[in-house]
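> the sequence isn't on hand, but the structure is:
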Ligand code: MN
């Protein structure tokens, strides 16, 4: 779904007091996950426990799989939050304890609300695994409010063709609207609390200004290229997380005039939940008692088992 954005002045660019500055820039960390799949983890890290409501951001790979190598994330549980998988390259296949299954290719998004819990597997798709190839994507974990932690698990499997892409009038920037909205273009994915998830591709000389309510926590992640971020236009390159301060209502991202390759960047923001977080690996609840109960449920098979 492609469209051209309307010519519209969304902000008086001279009013820089409304632009957010940068709290920190941090390189993501190479971490083995699943059965040895290398991810680049932005957070949690030494300096960032979470960015309420966001709990984790992993760049999966890029990993070049040999034929038959098939590395991934075999059967594991989740309870109390949402996992969002966004594929850039390669093909994943998922299965879960409720009998659901599906495939995810380049540009596809899976928005999975684990809610009261399930066991699932995320592995390279069979045919893809046979021949091997590059796997690359992102996984974001979003916390659920106390009242949503016990809801029935839910999937939104959205193919790339359904995800709106906006091109700016000068043609220098394109925006994939995964969640939330860019100007008047709304995402097809529904979220339980307000979330913004955009993928920007900027050519040399492009600038985008995204309105984000001041109390929302916001971060960007550079997939490729180099960009200028925030009020002070700090230069940041690939595999870096950029956390914005809550000191303004607009986020600015631009690409320098003489850039040789496009800037690809994810921009994520959300309304904080301001609730206690007690996490034990793939379980995120509000109290220690709820975690203890969850571990007992898991041991007794009450979170489920993949049986096909
Ligand atoms: Mn998982």
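Thanks, I have the structure now. These numbers come from a predicted model, not from an experiment.
> okay but residue 143 is in contact with residue 81, surely?
Yes. Counting by CB atoms under 8 Å, residue 81 is a contact partner of residue 143 at 5.1 Å. (Each C-beta comes from the backbone N, C-alpha and C, glycine too.)
> overlap in contacts, these two.
Counting by CB atoms under 8 Å, 6 or more residues apart in numbering, the shared contacts of residue 143 and residue 81 are 55, 284.
> for residue 85, see how far away residue 105 is.
11 Å (CB to CB, to the nearest Å).
> same drill for the two, tell me which one is more crowded.
Using other CB atoms under 10 Å, the more surrounded residue of residue 105 and residue 85 is residue 85, with 20 against 14.
> now for the lengthiest helix in the chain, which elements pack on it?
Determined from DSSP state H, the single longest helix within the chain is helix 288-299. In terms of contacts (3 or more CB pairs under 8 Å, 6 or more residues apart in numbering; DSSP states H and E), helix 288-299 is packed against strand 278-280, strand 283-285.
> flag every buried residue along that helix.
290, 291, 294, 297, 298 (16 or more other CB atoms under 10 Å).
> and if you look at stretch 103-111?
103, 104, 107, 108, 109, 110, 111.
> what's the first-to-last distance across that stretch?
In stretch 103-111, first residue to last residue: 13 Å (CA to CA, to the nearest Å).
> the helices in this structure, which residues?
Applying DSSP H to the chain gives helices spanning 126-131, 288-299.
> got the contact list for the first one?
The contact list for helix 126-131 (CB under 8 Å, 6+ apart) reads 65, 67, 68, 69, 70, 90, 91, 93, 123.
> can you select the buried ones from those residues in ChimeraX?
With 16+ other CB under 10 Å as the criterion, this ChimeraX line picks the buried residues out of the contacts of helix 126-131:
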select :65,70,90,91,93,123
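> among the contacts of helix 126-131, which lie within strands?
Judged by DSSP state E, the contacts of helix 126-131 include 65, 93, 123 as members of strands.
> just these now: which is nearest residue 134?
Comparing those against residue 134 with CB to CB places residue 65 closest, at 7.6 Å.
> quick one: contacts for the closest one?
Per CB under 8 Å, 6+ apart, neighbours of residue 65: 71, 90, 124, 129, 132, 133, 134, 135.
> what's around the third one, how many residues?
Just to be clear, that refers to residue 124. 22.
> so which bits of stretch 189-207 are buried?
Buried residues in stretch 189-207, counted by 16+ other CB under 10 Å: 189, 191-192, 195-204, 206-207.
> again, but for stretch 223-235
If you call a residue buried by 16+ other CB under 10 Å, then stretch 223-235 has these buried ones: 223, 225, 226, 227, 228, 229, 230, 231.
> pipe those residues into CSV and attach pLDDT and distance to residue 41 per row.
As requested, the buried residues of stretch 223-235 are exported to CSV (pLDDT from 0 to 100; distance: CB to CB, whole Å):
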residue, pLDDT, distance to residue 41
223, 98, 15
225, 97, 21
226, 96, 21
227, 97, 21
228, 97, 25
229, 98, 20
230, 96, 23
231, 95, 27
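> returning to what we had before: need the max-distance pair from the buried residues of stretch 189-207.
Taking CB to CB, no two of these sit farther apart than 192 and 204, at 38.4 Å.
> where does the stretch 1-150 of the chain dip in pLDDT?
Residues of the stretch 1-150 of the chain meeting the criterion pLDDT under 70: 1-14.
> again, only using 90
Applying pLDDT under 90 to the stretch 1-150 of the chain flags residues 1-17, 34-36, 69-71.
> strands of that one, start to end?
Taking DSSP state E, counting those that start in this stretch as the criterion, the stretch 1-150 of the chain contains strands spanning 2-4, 22-27, 29-33, 37-43, 54-65, 73-78, 81-89, 92-96, 101-104, 109-113, 118-124, 133-143.
> what about the last one, distance to the chain center?
The offset between the C-alpha centroid of strand 133-143 and the centroid of the whole chain comes to 7 Å, using CA atoms, centre = their mean, to the nearest Å.
> which other helices and strands does that strand contact?
strand 54-65, strand 81-89, strand 263-270.
> also the second one?
Applying 3+ CB pairs under 8 Å, 6+ apart, we find strand 22-27 packed against strand 234-237, strand 240-244.
> one more pass at 10 Å, please.
Strand 22-27 sits against strand 37-43, strand 217-224, strand 234-237, strand 240-244, with contacts defined as 3 or more CB pairs under 10 Å, 6 or more residues apart in numbering; DSSP states H and E.
> in CSV, list the helices of the chain along with distance to residue 37.
As requested, the helices of the chain are exported to CSV (distance: least, CB to CB, whole Å):
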stretch, distance to residue 37
helix 126-131, 12
helix 288-299, 22
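> between those helices, which gets nearest to residue 153?
Here helix 288-299 is closest among the helices of the chain (CB to CB), at 13.9 Å.
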